[in-house]
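> Take a look and give me a structure for this.
(2 chains)
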Amino acid sequence: MLHNDNNIAVKVTDLGKAYRIGVVEEKEENLSAVILKAILSPVKNFRKIKSLKNISSEATGKDVFWANRNISFEVKKGEVLGIIGKNGAGKSTLLKMLSRITEPTEGRIELVGRVASLLEVGTGFNPELTGRENIFLNGTILGLTKKEIEERYESIVEFSGIEKFIETPVKRYSSGMKVRLAFAVAAHLDPEILIIDEVLAVGDAEFQKKCLGKMQDVAGKEGRTVLFVSHDMAAVKNLCNRAILLQHGSIVFEGSANDVVNYYLQNAASITSQSNLDFSQAKGNKNFVVTDIEMLDENNNNIQIAESGRDFQLKISYETKEVAINPVVIILVKNNLEQVLFTCLSRNSYNGTMQLNSQGSIICNIPKLPLLSGLYTLDIVLKYDQEVTFSLENIFSFEVEKGDFFGTGKINDDMMNGMIINHNWVIQ
Amino acid sequence: MSDSRIVTVVDAKNKTFFFNFKELIRYKDLFYYMVLRDVTVMYKQTVLGFLWAILNPFFQVVVFSVVFGTIAGIKTGIAGLPYPVFSCLAIIPWNYFSSTFSASSNSLVNTAGVFTKVYFPRLIIPMVPIFSKLVDFFISLIILVLVMGYYQYTPGSNWYLFLLPLLIIILSSAGLGIWLSSLVLQYRDFRFAVNFLLPLLLYAAPVAFPALKVKEKLGNTVYELYALYPMVGGIEGFRSSFVQNADFPWTLVLISGASALFIFISGAFYFKKMEKHFADVA
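Prediction:
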């Protein structure tokens, strides 16, 4: 038995979750439709409704969708496991099963020790209640007892940094204050197994730092096990010992966090969610469009991962129906929080008259790439004759590795936020 | 949180029919804070606050007394029992039943944002109103004291028997609430059904008239079947326990009690059976 094996904290065997789609949702939503159909074909409906409740591992057919299938893994005590994969790969369903929010269709989960899951911070906060009242409500929802919260209360309030407003209804809080309070409670759960989903994707940079720090604390403690889902590859690499990569609901790659993240990035074009390489979804009149995007290094070699501080070229292949004179090319570079960091606007930075014939490529050259390590995405807009001819958000995503931006031999470290700009110091 | 003896096993093959009572007890503090939240939030940002718990039944008693007591001329069936006292003794437990039933029915739908994000025993959710609405119930007893005082009516010596019918009312509102909460979550149609059902249930219950009228007009068999509706024994029993020279309606109370218990237990089992689908249909 599992609880005799002292080393294993989480054991998942052949886990699968099937949903019925289409037909079923109609049933679930509207009773009158069910009744009408039932009158028309009672036998057929009876079978259908029965099959809805008893969805089994043998379930097949067009209306059955397996969000997860054949998932098996073990997590040792004290290990931090990263779970990565593109949107729709089944990460959330897996976490929901591990957190016992939804039941698996097949397979088995064994968890040793108390489990706390943070799929969202501030679950169950009531705006009418004060901060203090919400600490107790939210804490008990997350599985603490009254006594445990009382013991941690001082520390929670201190961590949140909102002592002054603790007796004020939460509806008067700013959104930042709410998140701080919510995270303060979450940070004091101190379970043996912690399940975290994208919590780090909310809040400002300072708050993210605090979360990461706290996660490191939890992970560093003896015997604490963390399951961590994120799109932030740098965070996965930093925090996790091991990782699994999900694709179409199953594990496609498993190994050390570094290996998995690298595998994921190398296959980014086919796996990464942010890349929207289906250009047909672009808006605009399509007279002048993007057909391909590539990344090049300073020697015009194709690259999969960019490096901070190294010359960087973005090669945009285009097609135009007529000769375009002075078209406008706009590239927006966004971080993983969807914040625009900077814009490359050809109208201002292209020197001379740009003339584009039927097809070719435009290269945008960014000397000394001023981005910190992380995942970035691009929006591209093409304009001609005052009209948008092509516009696509998240058209391309790429990973940036740490690098020696300043040529000092020191690679940029985690103390930095935002972007890097060239600067120097003078001592007098 | 350092008890590593806790082992959680989720197995798709295991079909459990019983509640995990150990787990329910572990979450008793959550239950407490959810009740506290409901009570605190109920009258926040109101001027009259808890006075509403008194004003509401007061106006109901006035309207019932004028419409049914004076205009329709319904007799209380007991010598010396003024109609306002008679109706007040039914309106107060009815209000508890109807507010609990409707809050409990909608409770799962209203907290979908919580139980799809965190796991805790979901049975807690529809059970919360049972306790939070008791606060209103006990406050509204003030009206009863005032009405009785105004008519200088002294309650009978067996008044403490009211606890038994009160238990029936609690059980039946909880049972119906548990049934409906999981039905409403799956088929939103039931939300409308509850709204139109409540007034009908009010007319059907012996609130405006004494239950004995049913026996008088429709015979004993119907009278006993009537008690399968748990609010019959609940309200008639509640009222009789405070009334002088009234026989406590043991038959009604026993039939209604059994019916309420059945509704509660079957509701809990249905809830347990459907619980695993909640996060998927919410």
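> tell me which residues in the helix or strand hosting A:Val260 are buried?
Using DSSP states H and E, A:Val260 sits within helix A:257-266. Using 16 or more other Cβ atoms under 10 Å in any protein chain shown as the test for burial, helix A:257-266 gives A:Ala257, A:Val260, A:Val261, A:Asn262, A:Tyr263, A:Tyr264, A:Leu265. To be clear about C-beta, it is placed using only N, CA and C from the backbone, and glycine gets the same treatment.
> can you list the residues you listed in TSV and add distance to A:Gly284 and pLDDT?
Shown next, in TSV, are these (distance: Cβ to Cβ, whole Å; pLDDT from 0 to 100):
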residue	distance to A:Gly284	pLDDT
A:Ala257	40	89
A:Val260	37	89
A:Val261	35	82
A:Asn262	36	78
A:Tyr263	35	82
A:Tyr264	31	79
A:Leu265	30	68
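> Columns distance to A:Phe125 on top of those residues, output as CSV?
Listed next are the buried residues of helix A:257-266 as CSV, based on distance: Cβ to Cβ, whole Å:
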residue, distance to A:Phe125
A:Ala257, 33
A:Val260, 35
A:Val261, 34
A:Asn262, 39
A:Tyr263, 39
A:Tyr264, 34
A:Leu265, 37
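> Next SSE downstream of the strand or helix carrying B:Ala174?
Element membership for B:Ala174, per DSSP H and E: helix B:163-186. Later in the chain than helix B:163-186, the nearest helix or strand by DSSP H and E is helix B:189-204.
> for that next one, what is the average pLDDT?
The average pLDDT within helix B:189-204 is 91.
> hang on, the earlier thing: I'd like to know which elements the helix holding A:Val260 is packed against.
Helices and strands touching helix A:257-266, as assessed by 3 or more Cβ pairs under 8 Å, 6 or more residues apart in numbering or on different chains; DSSP states H and E, comprise strand A:80-85, helix A:233-239, strand A:242-247, strand A:250-256.
> Figure out how far it is from the centre of its chain.
In terms of Cα atoms, centre = their mean, to the nearest Å, the centre of helix A:257-266 is found 15 Å from the chain centre.
> A:Leu137 reaches A:Thr123, doesn't it?
No: using Cβ atoms under 8 Å, A:Leu137 makes no contact with A:Thr123, being 9.9 Å away.
> Let me know the pLDDT of A:Leu378.
88.
> Could you confirm it falls within a helix?
No: secondary structure of A:Leu378 (DSSP: H, G, I helix; E, B strand; the rest coil): strand, not part of a helix.
> Can you tell me how far it is from B:Leu144?
According to Cβ to Cβ, to the nearest Å, A:Leu378 stands 71 Å off from B:Leu144.
> A:Val252 touches A:Tyr264, doesn't it?
No: A:Val252 sits out of contact with A:Tyr264 when judged by Cβ under 8 Å, with a separation of 9.5 Å.
> May I ask which helix or strand encompasses the most centrally placed residue in chain B?
Nearest to the mean C-alpha position of chain B, by Cα atoms, centre = their mean, lies B:Phe97 at 2.8 Å. Using DSSP H and E, B:Phe97 sits within helix B:83-110.
> does that helix come close to chain A?
No: judged by Cβ under 8 Å from any Cβ of the partner chain, helix B:83-110 and chain A are separated, with a smallest distance of 11.6 Å.
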